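K.L.:
Starting from these lines, generate the structure:
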Amino acid sequence: MKREVILTLFVSLSLLSLFLISADVIENTTTECGKSESGKNYYVRGGFWEERCNYLEGEWLCTAADGEDTCQTDMVLYEGYCENNKLVGEEITCRNGCVEGACVKETFFQRILIWFEKVFSSK
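P.N.:
Numbering: from 1, shown residues only. The predicted structure is shown next:
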């Protein structure tokens, strides 16, 4: 009986120490993310960056990544942005083409044509 109590106490303390070590690692990790044009804006070329730091063995070890929105093709934009303080990205098909890291905006005349197509094609 005494042996079972000691064994149970040993296992409990071991599990507690593993939990505390895991919690310590999680608390000593930071991530920051930023975007020059404030989030997703397909019509403005922007830059983005992310820095991740971990506190290990008494010192901070950090890694950084940065980049700019870029045209993958003449119609596809890669837009980088921050989500939950992490750097992510997506590919967007630009209706009017992609130039210098941004989708080309529709002209006023194009908007009128699109409106007419929607109105008259539904009848």
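K.L.:
Just give me how far stretch 75-88 sits from the chain centre.
P.N.:
Centre-to-centre, stretch 75-88 and its host chain are 6 Å apart (Cα atoms, centre = their mean, to the nearest Å).
K.L.:
Other residues contacting that stretch?
P.N.:
The contact list for stretch 75-88 (Cβ atoms under 8 Å, 6 or more residues apart in numbering) reads 31-35, 39-40, 42, 46, 48-50, 65, 67-72, 89-94, 97-98, 101-103. From N, CA and C alone the C-beta is placed, and that goes for glycine too.
K.L.:
What of stretch 45-64?
P.N.:
Contacts with stretch 45-64, where a contact means Cβ under 8 Å, 6+ apart, come from 25, 28-37, 65-69, 80-82, 86-87, 100-102.
K.L.:
hmm, 7 Å instead?
P.N.:
Residues outside stretch 45-64 that contact it (Cβ atoms under 7 Å, 6 or more residues apart in numbering): 28-37, 65-69, 80-81, 86-87, 100-102.
K.L.:
Give the next helix or strand downstream of the helix or strand of the chain with the lowest mean pLDDT.
P.N.:
Ranking every helix and strand in the chain by mean pLDDT, DSSP states H and E puts helix 2-27 at the bottom, with a mean of 46. Counting by DSSP states H and E, the element after helix 2-27 in chain order, helix or strand, is strand 29-35.
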